[in-house]
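Participant: Sequence first, predicted model second:
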Amino acid sequence: MPGMYLSSSTIDSLMEKNSKIYIAGHRGMVGSAIKRKLEDSGFTNLVCRTSAELDLRNQASVNVFFEQERPEYVFLAAAKVGGILANNTYKAEFLYDNLMIQNNIIDASYRQGVKKLLFLGSSCIYPKLAPQPMKEDALLTGLLEPTNEPYAIAKIAGIKMCDAYRAQYGCNFISAMPTNLYGPNDNYDLNNSHVLPALLRKFHEAKLNNEQFVEIWGTGSPLREFLHVDDLAEACVFLMEHYNESGHINVGSGTEISIKGLAEMIKEVTGFEGELKWDASKPDGTPRKLMDNTKINNLGWRPQIELRDGVKQVYAETFTTLV
């Protein structure tokens with residue numbers, strides 16, 4: 001029956017080890033981490049498709065896939081993502097592709113009676129000048145950061161779509177908003193990666209080339225929060241089994257570090273012995289960006305991987321092969 005509703009009193013622990021679970025976006029950083037977590041936890045009936053096998057922007061193809069596979073649980077981690085340059089350059093694609101991907105999967109999940117769906121968004125959904133730390137109720141209280149507005153609008157639409165299908169059809173569709181992520185399968189392209197992977201690559205290459213210094217944009221004063229993607233994956237499985245409410249829920253580490261502190265940590269981890277040079281003529285960006293994680297902490301979840309330990313692990317696993 002489309003939109004089969006399961007109350008919060010019956011959903012807990014219903015995800016059996018042989019339940020059919022579809023991971024949309026299983027080759028991305030988040031999706032691959034969720035897949036690893038589920039496999040490590042003993043789940044044996046995982047359904048995955050590459051973008052070449054299934055174009056999630058195509059409604060007819062998505063509907064056929066759901067009709068044939070009939071997954072019981074869905075982790076919606078598929079999205080078109082990129083850095084500031086990509087977001088600014090391909091605004092139409094970021095809006096269209098992400099809307100189509102999430103609309104098709106959420107609607108097909110309703111029509112095929114998926115028991116529960118978890119939609120993953122981003123902290124960029126919050127207003128540029130949201131009070132810090134950012135609480136869930138800050139959503140739609142101010143203007144977005146212009147550089148990633150199309151992506152943010154698509155993610156906000158996903159949250160509201162999950163809520164609308166819950167309200168109208170009784171679907172148990174939930175939304176989680178992670179903070180800045182890092183970990184295996186991250187993007188290390190210096191032209192469009194985020195700050196932590198970009199710094200890892202910069203320092204690694206500077207060490208290999210025996211450079212005297214590494215230049216970094218800004219003053220180093222902005223504060224940022226980082227979460228290892230394996231912690232996020234654990235949170236996703238936790239929420240799938242224990243969270244059954246409308247509205248989104250933040251997932252973060254609850255700790256923050258300055259960009260300067262991050263650079264000094266990465267310098268130490270990589271073994272680079274040169275200097276740091278700060279280009280104060282370049283923009284710093286938002287002074288502070290921290291999530292309020294009270295809601296998920298009160299449910300009993302907390303991250304396990306300390307930032308320094310996580311960065312050491314990522315560097316050891318990734319950069320031994322990146323030269």
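Facilitator: That came in fine, so what should we check first? Numbering: from 1, shown residues only.

Participant: can you tell me the distance between the two ends of stretch 288-300?
Facilitator: Chord length of stretch 288-300, first to last residue, is 26 Å (C-alpha to C-alpha, to the nearest Å).

Participant: Any idea how far it is from the middle of the chain?
Facilitator: From the chain centre to the centre of stretch 288-300 is a distance of 15 Å (C-alpha atoms, centre = their mean, to the nearest Å).

Participant: With stretch 86-105 instead?
Facilitator: With C-alpha atoms, centre = their mean, you get 15 Å for stretch 86-105.

Participant: Show residues contacting that stretch.
Facilitator: Outside stretch 86-105, the residues that touch it by C-beta atoms under 8 Å, 6 or more residues apart in numbering are 24, 56-59, 62-63, 74, 76, 78-80, 82, 117, 119, 147-151, 153-155, 157-158, 161, 192. For every residue, glycine as well, the C-beta is placed using N, CA and C.

Participant: Stretch 302-316 now?
Facilitator: 182-184, 186, 196, 200, 204, 226-228, 230-231, 234-235, 252-255, 257, 265-266, 269-270.

Participant: Can you point out the buried residues in it?
Facilitator: Going by neighbour count (16 or more other C-beta atoms under 10 Å), the buried part of stretch 302-316 is 303, 305, 307, 310-315.

Participant: what's the spacing between the residue most central in space within the chain and residue 231?
Facilitator: Most central in the chain under C-alpha atoms, centre = their mean is residue 178, positioned 5.2 Å from the mean C-alpha point. For residue 178, the distance to residue 231 (C-beta to C-beta, to the nearest Å) stands at 9 Å.

Participant: Let me know how buried residue 157 is, in neighbour terms.
Facilitator: 18 (other C-beta atoms under 10 Å).

Participant: Now it: which helix or strand?
Facilitator: Element membership of residue 157, judged by DSSP states H and E, is helix 149-169.

Participant: coming back round to it: before we move on, what's the pLDDT of the residue nearest to the centre of the chain?
Facilitator: On pLDDT, residue 178 comes in at 98.

Participant: Surely it touches residue 252?
Facilitator: Yes - look at residue 178 against residue 252 with C-beta atoms under 8 Å: they come within range, at 7.1 Å.

Participant: Which residues are in contact with each of the two?
Facilitator: 123, 227.

Participant: For residue 317, grab phi and psi.
Facilitator: Main-chain dihedrals, residue 317, degrees, to the nearest 10: phi -80, psi -30.

Participant: could you list every residue that touches it?
Facilitator: Counted by C-beta under 8 Å, 6+ apart, residue 317 has contacts residue 184.

Participant: picking that back up, tell me the gap between the helix holding residue 157 and the middle of its chain.
Facilitator: 16 Å.

Participant: helices or strands up against that helix?
Facilitator: With contacts defined as 3 or more C-beta pairs under 8 Å, 6 or more residues apart in numbering; DSSP states H and E, helix 149-169 has these neighbours: helix 91-111, strand 116-120, strand 173-178.

Participant: where are the low-confidence patches of the chain?
Facilitator: By pLDDT under 70, the low-scoring segments of the chain are 1-13, 321-323.

Participant: one more time with 90
Facilitator: Low-confidence segments of the chain (pLDDT under 90): 1-14, 81-90, 145-148, 187, 189-195, 217, 282-289, 319-323.

Participant: Please, where are all the helices along it?
Facilitator: Along the chain, the segments classed as helices by DSSP state H run 8-11, 29-40, 59-69, 84-89, 91-111, 149-169, 195-208, 229-242, 259-270, 294-299, 307-318.

Participant: possible to save these as a markdown table with distance to residue 135?
Facilitator: Conversion of the helices of the chain to a markdown table gives the following (distance: least, C-beta to C-beta, whole Å):
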| stretch | distance to residue 135 |
| --- | --- |
| helix 8-11 | 22 |
| helix 29-40 | 23 |
| helix 59-69 | 34 |
| helix 84-89 | 25 |
| helix 91-111 | 23 |
| helix 149-169 | 15 |
| helix 195-208 | 24 |
| helix 229-242 | 17 |
| helix 259-270 | 24 |
| helix 294-299 | 8 |
| helix 307-318 | 23 |
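
Participant: So which of those is nearest residue 222?
Facilitator: Closest approach to residue 222 among the helices of the chain (C-beta to C-beta): helix 259-270, 5.3 Å.

Participant: next one: the closest one to chain centre, how far?
Facilitator: Helix 259-270 has its C-alpha centroid displaced from the chain centroid by 23 Å (C-alpha atoms, centre = their mean).

Participant: Now do that helix: everything it contacts.
Facilitator: By C-beta under 8 Å, 6+ apart, helix 259-270 touches 195-196, 199-200, 203-204, 207, 214, 216, 218-224, 226, 257, 276, 278, 284, 307-308, 311-312, 315, 319.

Participant: Swap in 7 Å and give it another go.
Facilitator: 195-196, 199-200, 203-204, 207, 216, 218, 220-222, 224, 276, 308, 311-312, 315 (C-beta atoms under 7 Å, 6 or more residues apart in numbering).
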